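1. The following comprises the amino acid sequence and a computationally predicted model.
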Amino acid sequence: MTTQETIDVFERYVIANYTRQRIVAVRGEGSYLWDAEGKRYLDLFPGWGVDGIGHCHPRVVEAVREQASKLLHVANVPFYIEQQGRLAQLIVEHSFEGQCFFCNSGAEANEAAIKLARRYAAAQAAEGVSPVRFKVITAYNSFHGRTLTTVAATAQPKYHAGFYPLPPGFVHVPFNDADVVAKVADGETCAVLVEPIQGEGGVNVPDDDYLPKLRQICDERGILLILDEVQTGVGRTGKWFGHQQWGVEPDIMTLAKALGGGMAIGAIEAKPHVAKHLVPGSHASTFGGNPMACAGGIATFEAIEEEGLLANAQRIGEQIKARAAAMARKVGFIREVRGMGCMIGIELGRPGADIVNACTQQGLLINCTHDTVLRMLPSMACTVAEIDEGMDILEGVLTAV
Ligand SMILES: Cc1ncc(COP(=O)(O)O)c(C=O)c1O
């Protein structure tokens, strides 16, 4: 099909809820993507963070291919699924003592975490340990997903518009301010839910004492700390999980995006005393933890380990930041460069949408979030030359506008 033919089909049959450009993606390899007209793009925002180790990583492709020839899908009842168990083991062994539940997306993972926190609180109340608690504190400029409950958790009015009434029980506070959490948390609060680094909200890195202070407040008051690692997880920041940057363990961690190396998968990991409250009948997912998605996840962990991609993610972050800082000396409207590893934001003193479009024209894919923040979530396997190629294009665009 030509590009126009595909667009024609979309215009007739697909709901227009995304702002698409006239590009039909047909093939990906590592840091590069090709469209239906054969144009090649350097993709420094692969799959919106899903292709965390690059497009079609050979290890993931092989694992999925092999799995597809054996078993595509079975339900979680009545079966054990070997690949699901192995992926859970890899997540736990690289994070903290806990157990996992699998679903299919970041929103579902957060939904499961919120349900689990309320169920844990209900059990505590039933045992007379605490009063009934249900409130979840979240941060302004957070992003937790598009289901009604995760929209309510997402403290950005633009995502609420038109969807009222939203599920109650969410309290929104400024990000990076633990003192306000201490003030707002009351006897009805069951959890605090934050991203270790806010992604969609503008790549906001908190002060070093923020997560440790949240941990302390939660411990003192018997509140669960839920960390949304949908974007920061699975190596993105240069450590396996974002919370490890600050040495703070959550009670529940949520994952998705890069976890499957391109396969659709989400997960939560919860500390054992919390996890035990998801009993049969309390929560489930038909597709969750299927052998295909988990095979992709296992291959992703193996690739990161064997190819030294955590160290490479750190190096990429330093390279991008150094190049962006040098650009800031030439381009007057770069306000700040921030982020960690393969999660970098360049805050501009002007809107960034036209810059992203100009980059796309020149064969570079990046994103703009929060109107003014250019965001890159490059593959952890990017080379020095690829990052230089991308930053050369970006510099050309920034100095020409
Ligand atoms: C931090 C965070 N949480 C949750 C989500 C929602 O994930 P999904 O789109 O897979 O539902 C996203 C998506 O961008 C995210 O960045």
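-> Nice, I can see it. Predicted model only: the values in this text are computed from it and were never measured.
2. is it true that Gly261 touches His57?
-> Yes - counting by Cβ atoms under 8 Å, His57 is a contact partner of Gly261 at 5.7 Å. (Each C-beta comes from the backbone N, C-alpha and C, glycine too.)
3. helix/strand/coil for the residue lying closest to Pro291 once chain neighbours are set aside?
-> Nearest residue to Pro291, sequence neighbours excluded (Cβ to Cβ, 6 or more residues apart in numbering): Gln83, at 4.6 Å. Counting by DSSP: H, G, I helix; E, B strand; the rest coil, the backbone at Gln83 sits in helix.
4. Kindly report the same for the one 4 residues further on.
-> Following three-state DSSP, Leu87 is assigned to helix.
5. Now for the residue in the stretch 51-200 of the chain that the ligand sits nearest to: which residues touch it?
-> Minimum separation of the stretch 51-200 of the chain from the ligand (Cβ to the nearest ligand atom) falls at Gly106, amounting to 2.3 Å. Contact partners of Gly106, counting by Cβ atoms under 8 Å, 6 or more residues apart in numbering, are His144, Gly145, Asp228, Val230, Gln231, Thr254, Leu255, Ala256, Lys257, Gly266.
6. What of Ile346?
-> Ala324, Ile334, Glu336, Val337, Val373, Leu374, Met376.
7. now it, what's its secondary structure?
-> strand.
8. so what's it bridging to?
-> Val337, Leu374 (DSSP bridges).
9. Can you flag which of the contacts of Gly106 belong to helices?
-> Among those, no member is found in helices (DSSP state H).
10. Let me know the closest of those to Ala68.
-> Distances from Ala68 to the contacts of Gly106, taken as Cβ to Cβ, are shortest for Gly266 (20.4 Å).
11. Tally up the residues packed near the closest one, please.
-> When counting by other Cβ atoms under 10 Å, one arrives at 28 neighbours for Gly266.
12. center of this structure, which residue is that?
-> Gln231 (1.9 Å; Cα atoms, centre = their mean).
13. In space, what's closest to that one - neighbours in sequence excluded?
-> Residue nearest to Gln231 in three dimensions, not counting chain neighbours: Gly199, with 3.9 Å by Cβ to Cβ, 6+ apart.
14. Using a markdown table, lay out the contacts of Ile346 together with distance to Met391, neighbour count and pLDDT.
-> As requested, the contacts of Ile346 are exported to a markdown table (distance: Cβ to Cβ, whole Å; neighbours: other Cβ atoms under 10 Å; pLDDT from 0 to 100):
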| residue | distance to Met391 | neighbour count | pLDDT |
| --- | --- | --- | --- |
| Ala324 | 7 | 24 | 97 |
| Ile334 | 12 | 19 | 97 |
| Glu336 | 17 | 15 | 97 |
| Val337 | 11 | 19 | 97 |
| Val373 | 17 | 23 | 98 |
| Leu374 | 11 | 26 | 98 |
| Met376 | 10 | 26 | 98 |
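15. Closest to Gly49 out of those?
-> Using Cβ to Cβ, Met376 comes nearest to Gly49 of the contacts of Ile346, at 10.3 Å.
16. Any chance of the backbone angles for the closest one?
-> Per-residue torsions, Met376: phi -120, psi 130 (degrees, to the nearest 10).
17. List the residues that contact it.
-> Here Met376 is in contact with Leu44, Phe45, Ile320, Cys342, Met343, Ile344, Gly345, Ile346, Ile366, Asn367, Gly390 (Cβ under 8 Å, 6+ apart).
18. and what of Pro131?
-> By Cβ under 8 Å, 6+ apart, the neighbours of Pro131 are Ala125, Gly187, Glu188.
19. Report the contact partners of the last one.
-> Pointing back at Glu188 there. Residues in contact with Glu188, defined by Cβ under 8 Å, 6+ apart, are Pro131, Val132, Arg133, Phe134, Lys135.
20. and the residue lying closest to Gln156 once chain neighbours are set aside, how many neighbours?
-> Excluding its sequence neighbours, the residue lying closest to Gln156 (Cβ to Cβ, 6+ apart) is Asn141, at 6.3 Å. A count of nearby residues for Asn141, using other Cβ under 10 Å, gives 20.
21. give me phi/psi at Asn141?
-> Dihedral angles of Asn141 (phi, psi; degrees, to the nearest 10) stand at phi 70, psi 10.
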